[in-house]
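Participant: No sequence on hand, only this structure:
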């Protein structure tokens, strides 16, 4: 989950929220924490063909999911929900794929700096670009908010939407995770892929609601998650319609349009979906309002928080982490009736390549 | 089609675009033109069960639609388009339902002024509310942009999203067209309902892309058009997430977030859909950029403009109209290969109640 910091840095540009400046300090730590330990390999439990969630252990978390789906799909039952209202929303970073040791979109930004450097010779001597090019994350962090916004503007704005889609598509096909050396699209959570499929098989329409950039996710979300572009909601920058050589383009501007994090997730869902989900899945405090908004509707509701307890092969983190900080959503889950997934206890494996 | 003027007045609030102020002058005329002539009754042609577009005459317009659908759905054909990419977008006012003699949403705003008047006794002596209450549209128009924005803020902001949904839902179930005395939801175009169904039956995902307010359309669009809330795109005001008595609400603010008209339609489609439609349907210059954006993509594309040529029982209007002004989109349709529907020539009937 992009818990505010990077999602904010990503799209803020000209509109700077005073109250969130303090978060930017944490971003420095994010950029420094490029390296983290990860060992691969874990045992895979038995699965049966009739089991829709084969990578889930038979724990209370799985039971809560299956029970919820059973009751909302039981025609004539007291908790039946028509298929058209079975909206489920999923956070991305830390919920559907790994967000450690660096948000994937931050890795993309750093790679873009390198790719663009030949056109910008002045970057060799200009921070934060110099630091980004030399892998000196301390130097990047030292430039603070200004530096991060400069990197984001240089790497995420100034292209047309189609050019950016191509850039992201080519990058995601080749870029690899810094420690596992796997493609980022392999660093997805197998149990969550099964959950997406299970919900869709039961008439749910699945959406992604991420603090990450919507145009960073759409080029590959359908292939990787089965979620089409029109069901991907994320932070976004403004775009401008203009003719170019007689053909219209949408030009990406260095100005935030929506920060789809915390309360922004409720706003983003309202803008794009227009009705309240009945189930939401997240992993950090940036998802709190998404779950709260979902859970406070009438009728049966389901909220779930993925708790990163599995240090091997994943990363164990929660309230002390600068990425995916999980405090309030964890502490309030019991009284709100939200399910907390303990990755180590509830999942048989983490990634598809462990199968 | 909300061709800029009212859509703008609807959501502008605090963000006032200098360049569109001139449009506001026209709004005065809009508010004055509350009464227009309309006689009902027209003959219904023969229909066969196997005909998917029974209210369409066998004219070139119908052939263009059917030919397009045939080629993009022909598996293995040179113009085949996978179902996931069959996105079709429809303007609402003047394309799916009548926009004369007043935008339905403007009628809603006037009715809201009356409904709220008992709580606002000062309105009896305060323009533009005095004029709205007394039916003196000249007095309303005389207050210009300021007055219209005051009406929009008073009638469209200040509630929660759920309260507004309820208000719209109750109004649309009882409010009647000023001249035909029909429910507004009966003032839809039967041939376009058939077209929506025909496209969906051929694997298309149908969206509404309107200058009208998205939260004004979502409460009834699924029932009337078969388009679910998450496929309705429109102008929108900002909303704020906040707790109220311990429960979160989204509060509607008197500030524009998106004017989904002209170039704003391309922006709105990009934000909400994230991929380019292959077919778009409109009726005025406010739809020009929607059709242009759609048509300038690669592969087979379809653009259609509804031309209001049928004065009885509809309204005949185009370039001289302040509502649904049609000049550029009409003039450029031939060279751009867009189909222009002549309502009188191409449609056997207008509304479902004529069947």
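Facilitator: Here it is on my side, so go on. This structure is a prediction, so every number in the text was calculated from the model and none was measured. Residues are numbered from 1 along each chain as shown, chains lettered A, B, ... in the order given.

Participant: what sits against the residue at the greatest distance from the centre of chain A?
Facilitator: Note on chain A: the largest C-alpha distance from the chain mean falls to residue A:246, namely 36.7 Å (C-alpha atoms, centre = their mean). By C-beta atoms under 8 Å, 6 or more residues apart in numbering or on different chains, no residues touch residue A:246. Using the backbone N, CA and C atoms, a C-beta is placed for each residue, glycine as well.

Participant: rerun at 10 Å
Facilitator: residue B:296 (C-beta atoms under 10 Å, 6 or more residues apart in numbering or on different chains).

Participant: For it, what are phi and psi?
Facilitator: phi 90, psi -10 (degrees, to the nearest 10).

Participant: One more: residue A:242?
Facilitator: Taking degrees, to the nearest 10 as the convention, residue A:242 sits at phi -150, psi 150.

Participant: again with residue A:240
Facilitator: According to degrees, to the nearest 10, residue A:240 has phi -130, psi 130.

Participant: what's around the nearest residue to it once chain neighbours are set aside, how many residues?
Facilitator: Nearest in space to residue A:240, with sequence neighbours left out and distances taken as C-beta to C-beta, 6 or more residues apart in numbering or on different chains, is residue A:251 at 4.8 Å. Applying other C-beta atoms under 10 Å in any protein chain shown, we find 16 other residues in the vicinity of residue A:251.

Participant: Let me see the contact set for residue A:251.
Facilitator: Contacts of residue A:251 (C-beta under 10 Å, 6+ apart): A:157, A:158, A:159, A:160, A:161, A:163, A:238, A:239, A:240, A:241, A:242, A:244.

Participant: Most neighbours out of those residues, which is it?
Facilitator: That'd be residue A:239 among the contacts of residue A:251, by other C-beta under 10 Å, with 23 neighbours.

Participant: so where does that one fall, helix or strand?
Facilitator: Element membership for residue A:239 (DSSP states H and E) is strand A:232-244.

Participant: If you average the pLDDT over the helix or strand just after that strand, what comes out?
Facilitator: Counting by DSSP H and E, the element after strand A:232-244 in chain order, helix or strand, is strand A:247-258. Strand A:247-258 carries an average pLDDT of 96.

Participant: Can the very next helix or strand once past strand A:247-258 be said to contact chain B?
Facilitator: Scanning forward in sequence from strand A:247-258 by DSSP H and E, the next helix or strand is helix A:263-272. Yes. Counting by C-beta under 10 Å from any C-beta of the partner chain, chain B has neighbours in helix A:263-272: A:263, A:264, A:265, A:266, A:267, A:269, A:270, A:271, A:272.

Participant: dump the residue contacts of the nearest residue to the second one once chain neighbours are set aside.
Facilitator: Ranked by C-beta to C-beta, 6+ apart and with sequence neighbours excluded, the top spatial neighbour of residue A:264 is residue A:258, at 6.2 Å. If you count contacts by C-beta under 10 Å, 6+ apart, residue A:258 has them with A:11, A:214, A:233-238, A:264-265, A:267-268, A:271-272, B:257, B:271.

Participant: One more: residue A:73?
Facilitator: A:79, A:80, A:81, A:83, A:86, A:202, A:203, A:204 are the contacts of residue A:73 under C-beta under 10 Å, 6+ apart.

Participant: Highest neighbour count among those?
Facilitator: In these, the most neighbours by other C-beta under 10 Å go to residue A:204, 22 neighbours.

Participant: That one reaches residue A:277, doesn't it?
Facilitator: Yes. The criterion here is C-beta atoms under 10 Å, and residue A:204 meets it with residue A:277 at 9.3 Å.

Participant: thinking again about what came up before, farthest-apart pair in the contacts of residue A:258, please.
Facilitator: A:238 and A:265 (19.2 Å; C-beta to C-beta).

Participant: returning to what we had before: let me know the closest of the contacts of residue A:73 to chain B.
Facilitator: residue A:83 (10.6 Å; C-beta to the nearest C-beta).

Participant: For that closest one, grab phi and psi.
Facilitator: Dihedral angles for residue A:83 - degrees, to the nearest 10 - are phi -60, psi -40.

Participant: pLDDT below threshold where in the stretch 151-300 of chain A?
Facilitator: In the predicted model, the stretch 151-300 of chain A carries no residue with pLDDT under 70.

Participant: What segments of the stretch 101-250 of chain A are helices?
Facilitator: A:104-116, A:129-134, A:137-142, A:144-156, A:161-172, A:190-201, A:214-225 (DSSP state H, counting those that start in this stretch).

Participant: between the ones you listed, which one is nearest to residue A:310?
Facilitator: Proximity to residue A:310 (C-beta to C-beta) singles out helix A:190-201 among those, at 11.2 Å.

Participant: what's the angle from the closest one to helix A:214-225?
Facilitator: For helix A:190-201 against helix A:214-225, the angle by axes from the mean of the first three to the mean of the last three C-alpha atoms, to 10 degrees is 90 degrees.

Participant: Tell me the helices and strands packed up against helix A:190-201.
Facilitator: helix A:60-73, strand A:87-90, strand A:205-213, helix A:214-225, strand A:279-282, strand A:302-307, strand A:339-342 (3 or more C-beta pairs under 10 Å, 6 or more residues apart in numbering or on different chains; DSSP states H and E).

Participant: Just put these in CSV and tack on distance to residue B:209.
Facilitator: Below are the helices and strands packed on helix A:190-201 laid out as CSV (distance: least, C-beta to C-beta, whole Å):
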stretch, distance to residue B:209
helix A:60-73, 31
strand A:87-90, 21
strand A:205-213, 19
helix A:214-225, 18
strand A:279-282, 27
strand A:302-307, 32
strand A:339-342, 38
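
Participant: which residues does the residue nearest to residue A:208 when sequence neighbours are not counted contact?
Facilitator: Among residues not flanking residue A:208 along the chain, residue A:232 sits closest, at 4.8 Å (C-beta to C-beta, 6+ apart). Applying C-beta under 10 Å, 6+ apart, we find residue A:232 in contact with A:92, A:207-210, A:212, A:214-219, A:221-222, A:225, A:272, B:274.

Participant: Same check on residue A:202?
Facilitator: Residue A:202 touches A:52, A:68, A:69, A:70, A:72, A:73, A:83, A:86, A:88, counting by C-beta under 10 Å, 6+ apart.

Participant: which two in the residues you listed are spaced the farthest apart?
Facilitator: A:52 and A:83 (17.2 Å).

Participant: ok so, going back, which residues are in contact with each of residue A:204 and residue A:277?
Facilitator: The contact lists of residue A:204 and residue A:277 share A:85, A:86, A:87, A:88, where a contact means C-beta under 10 Å, 6+ apart.

Participant: Neighbour-wise, give me the winner out of the residues you listed.
Facilitator: Most neighbours among the shared contacts of residue A:204 and residue A:277, by other C-beta under 10 Å: residue A:87, with 25 neighbours.

Participant: and the closest residue to it other than its chain neighbours, what helix or strand is that in?
Facilitator: Distances taken as C-beta to C-beta, 6+ apart place residue A:277 nearest to residue A:87, at 4.2 Å, with adjacent residues excluded. Using DSSP H and E, residue A:277 falls within no helix or strand.

Participant: give the contact list for residue A:277.
Facilitator: Counted by C-beta under 10 Å, 6+ apart, residue A:277 has contacts A:85-90, A:204-207, A:209, A:269, A:290-291, A:293-295, A:297, A:301-303.

Participant: Likewise for residue A:122?
Facilitator: Counted by C-beta under 10 Å, 6+ apart, residue A:122 has contacts A:129, A:130.

Participant: measure it to chain B for me?
Facilitator: Distance, residue A:122 to chain B, using C-beta to the nearest C-beta, to the nearest Å: 32 Å.

Participant: Any idea how many residues pack against the closest residue to residue A:288 other than its chain neighbours?
Facilitator: Leaving out its chain neighbours, the residue that sits closest to residue A:288 by C-beta to C-beta, 6+ apart is residue A:329, at 4.6 Å. Neighbours of residue A:329 under the rule other C-beta under 10 Å: 27.
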